[in-house]
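S.K.: Need coordinates for the following:
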Amino acid sequence: MDKLVEHWIERSNYDLDTAKAMLDTGRYLYVAYMCQQSIEKIFKGIIAHKGLQNFPIHNLTRLSEIASMHNELTPTQMDFIAELTPYHIEARYGDYKESLTEIIDKEKARLVYDQTRELHQWLYLKIN
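M.R.: Model prediction:
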């Protein structure tokens with residue numbers, strides 16, 4: 001496997017492991033942020049695997065289009081990546097962070113993590 005593709009996969013796996021660690025320690029907002037990062041990086045791995053140019057963007061829907069995956073994703077998966085995308089920016093900045101903390105409880109964080117893990121596994125199979 002190409003070194004760049006390996007890099008993206010390793011980073012994606014690391015972020016997914018970090019999401020689990022955040023879930024286990026009750027840092028629920030960061031579960032969602034790390035899940036977004038994991039899916040972003042696996043998409044970038046697919047893009048690299050296809051020999052396409054990666055761009056410094058974080059919108060998961062747009063990355064799925066660049067990776068030519070948007071037609072393979074189910075409507076449920078598309079809805080999920082649309083839900084996950086805002087956690088990239090909002091997890092880092094002041095008022096957004098505070099408002100998200102109020103809506104991401106243990107149940108929501110578990111759901112986001114489980115859905116991310118499932119999507120991640122499915123996307124990973126597209127590389128191998």
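S.K.: Show me where the protein has its strands.
M.R.: With strands called from DSSP state E, the chain shows none.
S.K.: Can you list the low-confidence ranges for this structure?
M.R.: Applying pLDDT under 70 to the chain flags the ranges 89-102.
S.K.: center of it, which residue is that?
M.R.: Residue closest to the mean C-alpha point of the chain, counted by Cα atoms, centre = their mean, is I39 at 2.4 Å.
S.K.: isn't that residue right next to H120, touching?
M.R.: Yes. Taking contacts as Cβ atoms under 8 Å, I39 lies within contact range of H120: 6.5 Å. Where you see a C-beta, it was placed from the backbone N, CA and C, and this is true even at glycine.
S.K.: got any residues that touch both of those two?
M.R.: Contact with both I39 and H120 is made by residues S12, according to Cβ atoms under 8 Å, 6 or more residues apart in numbering.
S.K.: need the contact list for the nearest residue to K126 once chain neighbours are set aside.
M.R.: Residue nearest to K126 in three dimensions, not counting chain neighbours: I46, with 5.7 Å by Cβ to Cβ, 6 or more residues apart in numbering. By Cβ under 8 Å, 6+ apart, the contact list for I46 reads 67, 69, 123, 126-127.
S.K.: Which of these sits closest to A32?
M.R.: Minimum separation from A32 among those (Cβ to Cβ) is found for L123, which lies at 17.8 Å.
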